[in-house]
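J.: only the shape, not the letters, is given here:
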């Protein structure tokens, strides 16, 4: 092959290179020879669209008090009547509840000076008795049908229902727990009557009853557990105090989370005596406990005396945040 012309050998070499597909000589660029096309295969990648975000769902609204909000104070002042069926002597909240509701609302308007007023229906749900009864406890519990009717009337008036307990020889916590299904409602609270908490062998009406600050705290803690578990608005816990004897160790009384405690001064009689009692008992008001006052349609007005007016009640120091009429 030595005799092959150099030009022929070059042509043969070029053919081998083209056949192998390996072209790198600059003289084979466009314009210097046949155009060589390179075919490349691109990988096909499936691009997924971003997932649609889950729709935002708002949490259900919190349960509120009858007139709105979840806290009692300082938004509201509480004003109402107390009573129980078939016993007019125990308060005006008996008989025609629709008529009583209108009367309560008329009174609330007299106290709307600087706050919204929440109507209160205070049902005496555990009534002290002069006889021991089958279990020897000297108390009577109203049936659920009564509580149902009072709760319905309270709701029709956008009011709170308080279940008042006069325990006799029972104890406050036992009697309060009896009404647990109602206390799981957002508009039902409790009122305690220490003067009717009798010791063993004591008969109601013969002796003043007595309770302790620890017993009140037990009820507050129990209510607090319900409020927390059910995510309820604040509950009201009132303790009525007619004199300094009926409550021992008052200084330890303290509210639990979700429970507001109110001390209601229940001194009865002429205005002068009531104010003296109020001022005296207000001095022992525990920290973070609110104060209230009870007025008596009959006892306070005996002998033609005038009932304290709303203006006179609000002139007291500290100003009552709860006013109950019996």
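T.: Arrived safely. Note that the structure is predicted; figures quoted are calculated from it, not measured.

J.: residue 158: which element?
T.: Assigned by DSSP states H and E, residue 158 belongs to neither a helix nor a strand.

J.: residues near it, how many?
T.: By the measure other Cβ atoms under 10 Å, the count of residues near residue 158 is 15. Using the backbone N, CA and C atoms, a C-beta is placed for each residue, glycine as well.

J.: measure the nearest residue to it once chain neighbours are set aside to residue 119 for me?
T.: Excluding its sequence neighbours, the residue lying closest to residue 158 (Cβ to Cβ, 6 or more residues apart in numbering) is residue 66, at 4.1 Å. Separation of residue 66 from residue 119 (Cβ to Cβ, to the nearest Å): 8 Å.

J.: quick check: neighbours shared by these two?
T.: Common neighbours of residue 66 and residue 119, counting by Cβ atoms under 8 Å, 6 or more residues apart in numbering, are 154, 158, 159, 160.

J.: surely the second one and residue 67 touch.
T.: Yes. Residue 158 lies in contact with residue 67 (Cβ atoms under 8 Å); the separation is 5.5 Å.

J.: any chance you could map the strands in the stretch 151-300 of the chain?
T.: 160-165, 188-192, 211-212, 235-241, 247-248, 259-265, 290-295 (DSSP state E, counting those that start in this stretch).

J.: export those strands to TSV and tack on mean neighbour count?
T.: TSV is the format used below for the strands of the stretch 151-300 of the chain (neighbours: other Cβ atoms under 10 Å):
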stretch	mean neighbour count
strand 160-165	26
strand 188-192	26
strand 211-212	20
strand 235-241	26
strand 247-248	20
strand 259-265	24
strand 290-295	22
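
J.: residue 103 is nearest to which of the ones you listed?
T.: In terms of Cβ to Cβ, the element of the strands of the stretch 151-300 of the chain nearest to residue 103 is strand 290-295, at 13.6 Å.

J.: the closest one pairs with which strands, and in what direction?
T.: Sheet pairing of strand 290-295 (DSSP bridges) gives strand 259-265 (parallel), strand 322-325 (parallel).

J.: list the buried residues in the shortest one.
T.: Using 16 or more other Cβ atoms under 10 Å as the test for burial, strand 322-325 gives 322, 323, 324, 325.

J.: how distant is it from the center of its chain?
T.: Using Cα atoms, centre = their mean, to the nearest Å, the mean C-alpha position of strand 322-325 is found 21 Å from that of the whole chain.

J.: identify each buried residue in stretch 293-311, please.
T.: By 16+ other Cβ under 10 Å, the buried positions in stretch 293-311 come out as 293, 294, 295, 296, 300, 308, 310.

J.: and the furthest pair within the residues you listed?
T.: 296 and 310 (15.3 Å).

J.: ok, residue 258 - contacts?
T.: Counting by Cβ under 8 Å, 6+ apart, residue 258 makes contact with 223, 224, 227, 228, 232, 234, 235.

J.: which pLDDT value belongs to the residue lying closest to it once chain neighbours are set aside?
T.: Leaving out its chain neighbours, the residue that sits closest to residue 258 by Cβ to Cβ, 6+ apart is residue 227, at 3.4 Å. If you check residue 227, the pLDDT there is 98.

J.: where does pLDDT dip in this structure?
T.: 1-51 (pLDDT under 70).

J.: in it, which helix has the most residues?
T.: helix 213-230 (DSSP state H).

J.: buried ones in that helix?
T.: For helix 213-230, by 16+ other Cβ under 10 Å, it's 213, 215, 216, 217, 218, 219, 220, 222, 223, 224, 226, 227.
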